[in-house]
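[1] Sequence first, predicted model second:
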Amino acid sequence: MKNNTILEILGLDKFFPGVHALIDFNIDLREGEVHAVCGENGAGKSTLMKIITGVYQPDNGKMMLNGKELVVRNPNDAYAQGLAIIFQETSLFPDLTILENLFMGHEICKSALGFRKGPRILNYPAMREKAKEIFGRLGMEVDFETRVIDLGVAVKQMVEIAKALTFDSRILILDEPTAALTSKEVDTLFDTIRKLKSHGVSMLYISHRLDEIFQIADRVTVIRDGEHIKTADVKNVEKEQLVAWMVGRSLHNLYPKEKVDIGEIVFEARGVRQDGVLYDVDIDLRKGEILGLSGLAGAGRTELALTLCGLVKPDAGDFFLNGKKIRVNSYKSAMSYGLVYISEDRQKYGLIIPMTVKENITLPLLRKITSSLGIIDFKKEKEINDTYMHSLAIKAPNGDFIVNNLSGGNQQKVSVAKALAVEPQILILDEPTRGVDVGAKSEIHKIISSLAKAGKSIIMISSDLPEILGMSDRVVVMKGGRKMGELMRNELNQEKILKMAL
């Protein structure tokens, strides 16, 4: 074992049906280090982390902890040996309180009668004290009696982080920990990571946000198609080089915005109001235009999108399509007008992940591909699937592949394919590249740009300012449910957008 190395992964192999997910993979983690792991969706990062924490068992290879062979039979075994993981998707019990979630499975107990032996009961004061100390390190104050179901996404993620810290782990694995956090919460998390480092805690850090890696990591390892590509000190790596290692090629243009002749107004919304949420918002969209919707968390962007496509009924407002007033009172009616929404949460609202790629893509078209007797035309279903799998370059063996087994970027492409299959004229894309790697992000940007060039009109909601600046023809900025202003492409810069958003 190398000096001060706490964890070594040596020659790991992992096979799934038809997939060699990890190939003779090696990585090491030093004491008090943040070691970033980068790679495209499907590269093998999550498989690696699940092997380390006992979710999967390796087919070949071994792990060493403090110079001794490490065998992790299951996640509880991992926790017992000082390894904790924070997954991108929270694994909390929604109907239980924050405190109950923090100590689930490893509750602090005391004797019911005051004797060493005898019945044991939960020691709530001790658990509250430890929880208070942990959240103090995270820079947060919460009501421990609040049920998780009543928390926002960002607070749930912080509870997940706090839960991992209750195990007093010496090795912490962070899988996209900032995906749902605001910039202030990210800063708080990074402060916590630095404190943990100073106490000798070692961390493996997975993130698609490359700027975070340069901000917080000491070393970085790149994994591509299950293989170890490179390990380097972060201070010696340029961002462009890191991207090239990840995707196997240079990405000279992450925002491939094609020049499009913007046409006439195709869609208008006037005086959209939702009591306590939206306040008399006016918006219009032109043919071939990519209209960016920007603003901080809670600005009302998603709420506006849900209202425009009939998923939420407004208290007031008028909608116009090609100059004619229309009534959008359901998502079905919106689709009949050629307006389609792609949710920011693809797994919860965009896709049925236990079903196949083909079934997801053609789901909105069932009436069109089904006979009067209710029999699906499987030949037509396959033709539609093959068309969109090819045009969007969805990486799956075939249309019968289960969506849940796809990488995040390819799941997002299936979500886009499902929307395009109904041949819409207006697309509302809510955080279209959230949780996807830089290579998939570039591909999705190309798809968006080509759709605009083909005459589709697009509203794109994004919290990624470079994405808004790189892809938008015009940007509407929102704050607190109100439209604060708009900027044309030749006026766009981060300072102007932030000034409006703040």
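    That came through, no problem.

[2] okay, CA-based contacts and neighbour counts for the rest of this
    OK.

[3] Where do the helices of the stretch 201-350 of the chain begin and end?
    210-216, 239-247, 301-308, 331-336 (DSSP state H, counting those that start in this stretch).

[4] Can you list the buried residues in stretch 477-488?
    477-484, 486-487 (16 or more other Cα atoms under 10 Å).

[5] right, I mislabeled it, should have said stretch 183-196
    Neighbour-count burial for stretch 183-196 [16+ other Cα under 10 Å]: 185-186, 188-194, 196.

[6] same thing with stretch 127-141?
    Buried residues in stretch 127-141, defined by neighbour count with 16+ other Cα under 10 Å: 127-128, 130-132, 134-135, 137-138.

[7] before we move on, the earlier item: any chance of the buried residues of stretch 477-488 in CSV, plus secondary structure and distance to residue 342?
    Shown next, in CSV, are these (DSSP: H, G, I helix; E, B strand; the rest coil; distance: Cα to Cα, whole Å):
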residue, secondary structure, distance to residue 342
477, strand, 20
478, strand, 20
479, strand, 22
480, coil, 22
481, coil, 20
482, strand, 22
483, strand, 22
484, strand, 24
486, strand, 23
487, strand, 24
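
[8] For burial, what's the neighbour tally of residue 413?
    A count of nearby residues for residue 413, using other Cα atoms under 10 Å, gives 24.

[9] residues touching it, list them.
    392, 394, 444 (Cα atoms under 8 Å, 6 or more residues apart in numbering).

[10] quick one, what contacts the second one?
    Read it as residue 394. 410, 413-414.

[11] what separates it from residue 16, distance-wise?
    For residue 394, the distance to residue 16 equals 19 Å [Cα to Cα, to the nearest Å].

[12] Provide a list of residue ranges in the stretch 51-200 of the chain with pLDDT below threshold.
    Along the stretch 51-200 of the chain, segments meeting pLDDT under 70 span 88-89, 113-118, 154, 180, 182.

[13] all helices for it, in order.
    Going by DSSP H, counting those that start in this stretch, the stretch 51-200 of the chain shows helices at 75-80, 98-102, 124-138, 153-165, 183-198.

[14] how about the CA coordinates for the longest one, as PDB?
    The C-alpha atoms that make up helix 183-198 are tabulated as PDB, following Å, rounded to 0.1, in the frame of the first residue of the first chain:
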ATOM      1  CA  SER A 183     -25.200  28.000  -5.000                       C
ATOM      2  CA  LYS A 184     -25.400  29.000  -1.300                       C
ATOM      3  CA  GLU A 185     -26.000  25.400  -0.200                       C
ATOM      4  CA  VAL A 186     -23.200  24.300  -2.500                       C
ATOM      5  CA  ASP A 187     -20.800  26.700  -0.700                       C
ATOM      6  CA  THR A 188     -22.000  25.400   2.600                       C
ATOM      7  CA  LEU A 189     -21.400  21.800   1.500                       C
ATOM      8  CA  PHE A 190     -17.900  22.700   0.300                       C
ATOM      9  CA  ASP A 191     -17.100  24.300   3.600                       C
ATOM     10  CA  THR A 192     -18.200  21.100   5.300                       C
ATOM     11  CA  ILE A 193     -16.100  19.000   2.900                       C
ATOM     12  CA  ARG A 194     -13.000  21.100   3.800                       C
ATOM     13  CA  LYS A 195     -13.700  20.600   7.500                       C
ATOM     14  CA  LEU A 196     -14.100  16.900   7.100                       C
ATOM     15  CA  LYS A 197     -10.800  16.800   5.100                       C
ATOM     16  CA  SER A 198      -9.000  18.600   8.000                       C
END
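
[15] Also compute the angle for that helix relative to helix 124-138, please.
    100 degrees (axes from the mean of the first three to the mean of the last three Cα atoms, to 10 degrees).

[16] For helix 183-198, what is the distance to the chain centroid?
    In terms of Cα atoms, centre = their mean, to the nearest Å, the centre of helix 183-198 is set 20 Å apart from its chain centre.

[17] and if you look at the first one?
    Between the mean C-alpha location of helix 75-80 and the chain-wide mean there is a distance of 26 Å, by Cα atoms, centre = their mean.

[18] in it, what counts as buried?
    Those would be 75-76, 78-79, for helix 75-80 by 16+ other Cα under 10 Å.

[19] just checking, what packs against it?
    Packing partners of helix 75-80 (3 or more Cα pairs under 8 Å, 6 or more residues apart in numbering; DSSP states H and E): none among the helices and strands.

[20] can we see that at 10 Å?
    Secondary-structure packing of helix 75-80 (3 or more Cα pairs under 10 Å, 6 or more residues apart in numbering; DSSP states H and E): helix 45-52, strand 83-86, strand 171-175.

[21] Also the longest one?
    When contacts are defined as 3+ Cα pairs under 10 Å, 6+ apart, helix 183-198 sits against strand 34-38, helix 124-138, helix 153-165, strand 202-206, helix 210-216.

[22] And for residue 95, the neighbour number?
    The burial count for residue 95: 13, using other Cα under 10 Å.

[23] Got phi/psi on it?
    Dihedral angles of residue 95 (phi, psi; degrees, to the nearest 10) stand at phi -90, psi 0.

[24] Please report the distance of it from residue 471.
    41 Å.

[25] Bridge partners for residue 284, pull those for me.
    For residue 284, the beta-bridge partners under DSSP bridges are residue 268.

[26] and what of residue 475?
    Applying DSSP bridges to residue 475 gives these bridge partners: residue 292, residue 487.

[27] My guess is it contacts residue 494. True?
    No. When contacts are counted by Cα atoms under 10 Å, residue 475 is not listed as touching residue 494 (11.3 Å).

[28] Nice, that's everything, thank you.
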